[in-house]
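Asks: could you work out the structure for the sequence below:
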Amino acid sequence: MPRILVVDDEPHITDVVSAYLAREGHQVDTVADGDSAYELARASHPDLLVLDVMLPGRSGFDVLRDLRADGIDSAVIMLTARDELIDRVAGLEMGADDYLTKPFEPRELVARIGAVLRRRAQSAAASVARRFLDLDIDIDAREVARDGEPIALTKVEFDLLVTLTERPGMVLGRGQLGERIYGEAFEADDRTMDSHIKNLRRKLGRPPAGGDYIETVRGVGYRAARR
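Replies: Residues are numbered from 1 along each chain as shown. Modelled structure (predicted):
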């Protein structure tokens, strides 16, 4: 039974979300400030945190950063009242699995939680090492290396690389990539995907034969270079 920690300083939100999650069979804990969220998550290692950005004490971003620095890899869905691209990108770059803008429909949050937990379970069950051109991709360890030298990628960048290299040459649109990485509710017109692809290309550099590891198919989407 998954254990969910709901962190929000608005009691009506924690009450409603807790009721919906309990109905789905989840164990639910709630706290109303960032310091309590950090301490409880560090002690109990919940399967997933529903984490508001604006909190008394530590902000949601601070909680996420500190937990990741402590090596705690619980899934995280960020809640924010600010529908700003920079906030969403910041949370995802720091290791959040998804985000949801307030006000939200509780059933949508429950659906996103289910999607994130399923992806986590599938990832844990996989045991695959992949060679793509001159890159070694260790999916279990979530590491990428070239000639033994590691290449540091964010969570989203790594997931993009794994998704695209499953079938090199196959074109995936931004919406398809978003659904695979963030869940069914990804906004297909959201330009965050372009930003992640740009950063991924910069970190990977150029393959031995030239060109790009990740190619743009104009007007359609992206694909991993054919071998």
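Asks: can you pull the contacts of the most centrally placed residue in the chain?
Replies: By C-alpha atoms, centre = their mean, the chain has its centre lying nearest to Asp97, at 2.5 Å. Counting by C-beta atoms under 8 Å, 6 or more residues apart in numbering, Asp97 makes contact with 48, 75-77, 116, 119-120, 155, 182. No exception for glycine: its C-beta is placed from N, CA and C like everyone else's.
Asks: same thing with Asp70?
Replies: Per C-beta under 8 Å, 6+ apart, neighbours of Asp70: Arg42.
Asks: same thing but at 10 Å, please
Replies: Contacts for Asp70 (C-beta atoms under 10 Å, 6 or more residues apart in numbering) come out as 38, 41-42.
Asks: same question, Gly60
Replies: By C-beta under 10 Å, 6+ apart, the contact set of Gly60 is 7-8, 34, 37, 49-54, 76, 78-80, 87, 91, 94, 96.
Asks: the same query, at a cut-off of 8 Å, please.
Replies: 7, 34, 51-54, 78-80, 91.
Asks: need the longest helix for this protein.
Replies: Under DSSP state H, the helix in the chain containing the largest number of residues is helix 106-125.
Asks: convert the C-alpha atoms of that one to PDB, please.
Replies: The C-alpha trace of helix 106-125 is given here as PDB (Å, rounded to 0.1, in the frame of the first residue of the first chain):
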ATOM      1  CA  PRO A 106      -8.600  16.300  -6.900                       C
ATOM      2  CA  ARG A 107      -9.400  13.400  -9.300                       C
ATOM      3  CA  GLU A 108      -6.700  14.800 -11.700                       C
ATOM      4  CA  LEU A 109      -4.100  14.800  -8.800                       C
ATOM      5  CA  VAL A 110      -5.100  11.200  -7.900                       C
ATOM      6  CA  ALA A 111      -4.700  10.200 -11.600                       C
ATOM      7  CA  ARG A 112      -1.300  11.800 -11.800                       C
ATOM      8  CA  ILE A 113      -0.200  10.100  -8.500                       C
ATOM      9  CA  GLY A 114      -1.200   6.700 -10.000                       C
ATOM     10  CA  ALA A 115       0.700   7.400 -13.200                       C
ATOM     11  CA  VAL A 116       3.900   8.500 -11.300                       C
ATOM     12  CA  LEU A 117       3.800   5.400  -9.100                       C
ATOM     13  CA  ARG A 118       3.300   3.100 -12.000                       C
ATOM     14  CA  ARG A 119       6.200   4.600 -13.900                       C
ATOM     15  CA  ARG A 120       8.400   4.200 -10.800                       C
ATOM     16  CA  ALA A 121       7.300   0.600 -10.400                       C
ATOM     17  CA  GLN A 122       8.100  -0.200 -14.000                       C
ATOM     18  CA  SER A 123      11.400   1.500 -13.800                       C
ATOM     19  CA  ALA A 124      12.300  -0.500 -10.700                       C
ATOM     20  CA  ALA A 125      11.400  -3.700 -12.400                       C
END
